[in-house]
Structures are given as C-alpha cells and as structure tokens.
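A.B. asks: have a look at this prediction, sequence included:
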Amino acid sequence: TQLLEQSPQFLSIQEGENLTVYCNSSSVFSSLQWYRQEPGEGPVLLVTVVTGGEVKKLKRLTFQFGDARKDSSLHITAAQPGDTGLYLCAGGHNNNDMRFGAGTRLTVKP
Amino acid sequence: NAGVTQTPKFQVLKTGQSMTLQCAQDMNHNSMYWYRQDPGMGLRLIYYSASEGTTDKGEVPNGYNVSRLNKREFSLRLESAAPSQTSVYFCASSQLAGRSYEQYFGPGTRLTVT
C-alpha cells in the first residue's frame, strides 16, 4: 500500500472545465509538495506547503494543505491542454524521507 | 546552467550484465538522490547522499550501489541486472528552501532488462 494515496488515478476533461485532485495519507507530514511530470521528462516542483490549512495559488492552480497536515488537494480552474501531465504529491519531514504518491494522470482535451 | 543531467537516456541490458548510470548537477546542491519510477508505484528512493562523501540507503536499495564522486556527481551501479530492475531511473538534487527541501530532477534513464 502507498503511504500517499492519490485520487483519481486518471482524469480526462475538456478544456475550460474545473477539476480537483487529492492526496491523502494517515501520516502527518512537515511538508507536502506537488510536482507535474510530462512524458519523457522528470518531475518539476510546483509548490511546497508546510502549515496546516495553508492555501497557495499558482495562476489557475490552487493548492491546499489539510488542517491536520495529512492530506492535500490541487484545484485547477479553467483547465487548458498545457495542464496535461502526471501530478505527483510528496510528503516528508526532511531531505531524505520524501515519499511520493503514484500520481494522477490528467488529460485536458481541446 | 543545465540543472541535473543524466546519461544514458535509454539502455537495454541482458540479465546478469552490469552498468552505471551517471548523474551530474551544476546547482551546487549538497543533497543528491536516485529514484526509480514504476507504473502505479510512484517514485521510490533507492539511495541518497546528504553531502559529498556520504551515502545512505533509501526505500529500495537491494541490487544497487552508489558513488558520490564529488559534489557534482552521483552515480548508480547495477552489478548484476535483473528483469525486476526494468524501470525509469531519476536522479535529483535538492536545496533547503525555507522549511523544506526543493528537489530538482533529471530527465531520467529508461532501463529495460531482458
């Protein structure tokens, strides 16, 4: 079983729709990160959240860290084809214990 | 500024063969990592190096060895490849940013063991 469970596993939507993907765990984390990975490339860091209840915005992406620091969500407003990719969450406490979820594979159709 | 580079990009090995995956970073980061990525499993840490001259096992170290050659370079060696080591391998380096470590990944090495 994964330490971090991401849902849904796959998501296919039309351009302009809104969506939310989730990252859940039974463990408490000091920090939680979201990455986006495109085919044939390595993951790229989008955001880090460290405080329970914290909300961060990155253009049309909104990230929230749960109050108990066990879960997180990523909301995308008005999705675009350029948002297509694998979204990974990772949680940990220091520089050698980050654990990754299996990811949500998002496809945004024009 | 190339970030994190990895070679080779693709490799096919026969069972029992050995090979070394190379990784280099030009961001002056102290910490470096090797992960493998398998479908449905996410990224799993194989080995990491907190600083030049030190290495430690991660979540799935069996069948692998590493060398932190200097601050820039961190290599991963498969002494006797097995089909279970078919995977995509990513090298990463990190820096402390505020209260957490931000990781920067290379483009990956796609390894197939037949």
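C.D. replies: Sure thing, it's come through.

A.B. asks: use CA for all of it now, contacts and neighbours both
C.D. replies: Will do.

A.B. asks: near chain A, which residues of chain B?
C.D. replies: B:31, B:39-45, B:48, B:50, B:58, B:90, B:94, B:99-108 (Cα under 8 Å from any Cα of the partner chain).

A.B. asks: among the residues you listed, which are in strands?
C.D. replies: B:31, B:42-45, B:48, B:90, B:94, B:100-105 (DSSP state E).

A.B. asks: where does the chain dip in pLDDT?
C.D. replies: Answering for chain A, as no chain was given. Along chain A, the parts satisfying pLDDT under 70 run over A:1-2.

A.B. asks: looking at chain B here, not the other one
C.D. replies: Judged by pLDDT under 70, the stretches of chain B that qualify are B:1.

A.B. asks: and the residue nearest the centre of it?
C.D. replies: The centroid of chain B falls nearest to B:Trp34 when counting by Cα atoms, centre = their mean (2.5 Å).

A.B. asks: which SSE is it in?
C.D. replies: Element membership for B:Trp34 (DSSP states H and E) is strand B:31-38.

A.B. asks: so what does that strand touch, helix or strand wise?
C.D. replies: With contacts taken as 3 or more Cα pairs under 8 Å, 6 or more residues apart in numbering or on different chains; DSSP states H and E, strand B:31-38 sits against strand B:42-49, strand B:74-78, strand B:87-97.

A.B. asks: can you show me the helices along chain A?
C.D. replies: Taking DSSP state H as the criterion, chain A contains no helices.

A.B. asks: show me where it has its strands.
C.D. replies: Using DSSP E, the strands of chain A run over A:5-7, A:10-14, A:19-24, A:31-37, A:44-49, A:55-58, A:61-65, A:71-76, A:85-92, A:99-100, A:104-109.

A.B. asks: got CSV for those strands, with mean neighbour count and distance to B:Ser67 too?
C.D. replies: Converted to CSV, these look like this (neighbours: other Cα atoms under 10 Å in any protein chain shown; distance: least, Cα to Cα, whole Å):
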stretch, mean neighbour count, distance to B:Ser67
strand A:5-7, 21, 32
strand A:10-14, 14, 37
strand A:19-24, 20, 34
strand A:31-37, 22, 27
strand A:44-49, 20, 25
strand A:55-58, 14, 37
strand A:61-65, 21, 36
strand A:71-76, 21, 35
strand A:85-92, 24, 24
strand A:99-100, 24, 22
strand A:104-109, 19, 33
